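Student: sequence and predicted structure below; questions after.
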Amino acid sequence: MPDADDVRRIALSLPETREKQRWGHPTFDVAGRMFVTVPDDQTSFAVRCPQLERDELILAEPDKFWVPRHEAGSNWVRARLAALEDADELRDILLDSWRQVAPPELHPG
């Protein structure tokens, strides 16, 4: 099962990613825009996700994905680390979020 250390390791492996502390916990940015954060309890992480896709994810896998009430109007979704299949799935989720904010010239071929 992936953990918060895997989130950090994978996020920092993506081009030009920087770690920054916000709200007392780690967040990860590319080109000055945040694409992942790990809340205090470190059992989940939040990533960017267009609302339509987010709603579909939550309906398809409610044990894995959810949105706290205070983030309902945002383009973010949370994922439970314990519900992920493996580090490859974690990498896919983080890469998708990273691509949403990274300048096109940074995207891998």
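Tutor: Everything's here; your move. Numbers count the residues shown, from 1 in each chain.

Student: now P39, nearest residue through space, not along the chain?
Tutor: In space, P39 comes closest to H25 once its chain neighbours are excluded; the distance is 5.9 Å by C-beta to C-beta, 6 or more residues apart in numbering. Quick note: C-beta positions are derived from backbone N, CA and C, even for glycine.

Student: so the one you found makes contact with T37?
Tutor: Yes - between H25 and T37 there is a contact under C-beta atoms under 8 Å: 6.6 Å.

Student: and the two? Which one has more around it.
Tutor: Neighbour count, other C-beta atoms under 10 Å: between H25 and T37, T37 has more, with 21 against 13.

Student: quick one on the thing from earlier: the residue nearest to P39 and D3, how far apart?
Tutor: Distance of H25 to D3, given as C-beta to C-beta, to the nearest Å: 14 Å.

Student: could you do L57 as well?
Tutor: With distances taken as C-beta to C-beta, L57 is found 21 Å from D3.

Student: the residue nearest to P39: what's it in contact with?
Tutor: Applying C-beta atoms under 8 Å, 6 or more residues apart in numbering, one finds that H25 lies in contact with 37-40.

Student: pull out the buried residues from those.
Tutor: 37-39 (16 or more other C-beta atoms under 10 Å).

Student: having no further points to raise, I will conclude here.
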